[in-house]
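In: Only the shape, not the letters, is given here:
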């Protein structure tokens with residue numbers, strides 16, 4: 001990622017764009033899914049960054065009318081984390097050392113939603129099937145994040 005992205009030049013990057021999420025998608029597809037994600041979703045997926053999401057780390061949305069998906073990452077939480085607060089940051093049960101690792105763990109979580117929804121027509125991270133998929137594919141031992149929140153920053 002760091003070699004190929006214009007924005008993600010270091011672990012605690014200062015900027016990120018939707019193109020970086022598309023690049024992440026391509027890399028995960030190459031490394032974990034043998035190009036199957038791109039074949040299935042290439043023209044049906046978009047990537048977004050949200051400044052309004054302040055609790056969830058990300059979101060995978062399905063648009064029934066168009067049968068398209070989007071993956072959104074809560075960029076406010078990513079940038080609030082690894083700034084001044086020095087505490088352990090866990091995402092999906094995995095310790096993260098920098099913004100890039102945290103964003104990747106969130107992206108992985110959303111990829112599981114994408115895959116599960118496309119196969120089963122629904123997805124829930126509290127369900128056993130989701131937890132099993134995320135553990136088997138990415139080694140996640142949890143389904144939540146402990147990023148620095150806006151409430152925590154306000155204290």
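Out: Great, that's in hand. Owing to the predicted nature of the structure, the values given are computational and were not obtained by experimental measurement. Numbering: from 1, shown residues only.

In: And the closest residue to residue 125 other than its chain neighbours, its phi and psi?
Out: Distances taken as CB to CB, 6 or more residues apart in numbering place residue 143 nearest to residue 125, at 4.3 Å, with adjacent residues excluded. Using the backbone N, CA and C atoms, a C-beta is placed for each residue, glycine as well. Note on residue 143: backbone dihedrals following degrees, to the nearest 10 are phi -130, psi 10.

In: Which element, helix or strand, includes the closest residue to residue 57 other than its chain neighbours?
Out: If the residues on either side of it in the chain are set aside, residue 57 comes closest to residue 106, at 4.1 Å by CB to CB, 6+ apart. According to DSSP states H and E, residue 106 maps onto helix 99-120.

In: Determine the set of other helices and strands touching the lowest-mean-pLDDT helix or strand in the chain.
Out: The helix or strand of the chain with the poorest confidence is helix 150-154; it has a mean of 73 (mean pLDDT, DSSP states H and E). Helices and strands touching helix 150-154, as assessed by 3 or more CB pairs under 8 Å, 6 or more residues apart in numbering; DSSP states H and E, comprise helix 75-80.

In: list the buried ones in the helix it packs on?
Out: 75, 76, 77, 78, 79, 80 (16 or more other CB atoms under 10 Å).

In: for that helix, packing partners?
Out: strand 45-50, helix 99-120, helix 150-154.

In: could you redo the last one with a cut-off of 6 Å?
Out: Under the contact criterion of 3 or more CB pairs under 6 Å, 6 or more residues apart in numbering; DSSP states H and E, helix 75-80 touches no helix or strand at all.

In: circling back to that earlier point, from the chain's centre, how far out does the least confident helix or strand of the chain sit?
Out: For helix 150-154, the distance from its own C-alpha centre to the chain's C-alpha centre is 21 Å (CA atoms, centre = their mean, to the nearest Å).

In: With stretch 46-63 instead?
Out: How far stretch 46-63 lies from its chain's middle: 9 Å, per CA atoms, centre = their mean.
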